[in-house]
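[1] take this sequence and fold it.
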Amino acid sequence: MKKNHSELTIFYETAHAELASALEMLAACKGTDTPKQAFGYFMHAKDEYNHAKSFFKMLSKRGKKASIKKARDFRFIPLSLIKKGYISPKGFLIETMKLKDFIAFVYTNELLAKSSFKKILNLVGFDTKEGKRISSIMKDELRHHGMAKKFFLNQYPELQPWQLRIYRTREIIHNKGRKLYDANLKFLDTFLTPLYRVMSYFAGTIARKLNLNGYKRKDKNLMNISPNSIL
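    Model (predicted):
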């Protein structure tokens, strides 16, 4: 059960990340005036949608083995893409970044994704059906990385390799920060939910004991009631 819970968390987060990537690339596709670039963004978005579909399928398979209460915690809600930080409430990356920074973002994150999928591959096994699907996804990510790298170096040949490493380091820090934020959010939810319930219980108990007969307004002319009165 502990292993299944761990896998639920991994596939849940990965599916979110892949779906967010698909939406980001689709936004980039709609925002460019270059047909060739739009086609590249569109095909990238299509790949990411298929990746998300695969991970949601793996998630569903494990959700069926969990209790109903536990499975509810891993239901997909579109708004969670923003709440978890996979998509910024300020807008899509292509809208908030310079093109150079956006391509560098894609370049670094595709490589980071491939590294993450390697760990998932070890989890599910290389020779399994899921393992073969993840291996295929890893090839897609490497292809995306290569395409972004080619475009980046063609457009910005003056940049040095160490500058690309800065982009990668920044994204690693950002990803760790998002995971820390999500972990803190879950901790606060675990800590505060019982507190809210206790407070609600005491408030309800006190309310039941209050004598409100003096405030009944049945058969009374409300126009004659003082404006300072509680309705």
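
[2] drop to CA atoms for contacts and neighbour counts, all remaining ones
    Noted.

[3] pLDDT of the strand or helix carrying Thr193, averaged?
    Thr193 belongs to helix 161-209 when assigned by DSSP states H and E. Averaging pLDDT along helix 161-209 gives 67.

[4] distance check, Glu112 against Asn154.
    Not Glu; residue 112 is Leu. Distance from Leu112 to Asn154, counting by Cα to Cα, to the nearest Å: 22 Å.

[5] tell me which of the two has more neighbours.
    It is Leu112, of Leu112 and Asn154, that has more neighbours when counted by other Cα atoms under 10 Å, with 18 against 10.

[6] run a quick neighbour tally on Glu79.
    Not quite, residue 79 is Leu, not Glu. Using other Cα under 10 Å, Leu79 has 9 neighbouring residues.

[7] per-residue pLDDT, it?
    pLDDT at Leu79 comes out at 90.

[8] residue contacts, it?
    Neighbour list for Leu79: empty [criterion: Cα atoms under 8 Å, 6 or more residues apart in numbering].

[9] now the phi/psi pair for it, please.
    Main-chain torsions, Leu79, degrees, to the nearest 10: phi -60, psi -20.

[10] so which residues of this structure form helices?
    With DSSP state H as the definition, the chain shows helices at residue ranges 2-31, 35-63, 68-72, 80-83, 93-96, 99-124, 129-155, 161-209.

[11] lowest mean pLDDT across the ones you listed, which one is that?
    Per-segment mean pLDDT for the helices of the chain reaches its minimum on helix 161-209, at a mean of 67.

[12] domains in the chain, as residue ranges please.
    1-87, 96-181 (automatic domain parsing).

[13] what's the closest of those domains to Gly204?
    Ranking those by proximity to Gly204 (Cα to Cα) places domain 1-87 first, at 26.0 Å.

[14] how far does the closest one sit from its chain's centre?
    The chain centre lies 7 Å from the centre of domain 1-87; the measure is Cα atoms, centre = their mean, to the nearest Å.

[15] report the buried residues of stretch 146-156.
    Within stretch 146-156, the residues scored as buried using 16 or more other Cα atoms under 10 Å are 147-149, 151-152.

[16] same thing with stretch 26-43?
    The neighbour-count check on stretch 26-43 (16+ other Cα under 10 Å) flags 26-29, 38, 40-43 as buried.

[17] can I get the residues you listed in CSV with distance to Ser80?
    Compiled in CSV, the buried residues of stretch 26-43 are given as follows (distance: Cα to Cα, whole Å):
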residue, distance to Ser80
Leu26, 19
Ala27, 18
Ala28, 21
Cys29, 23
Ala38, 27
Gly40, 27
Tyr41, 24
Phe42, 24
Met43, 25
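
[18] looking at those residues, which one is closest to Ala15?
    Nearest to Ala15, judged by Cα to Cα, of the buried residues of stretch 26-43 is Leu26 at 16.6 Å.
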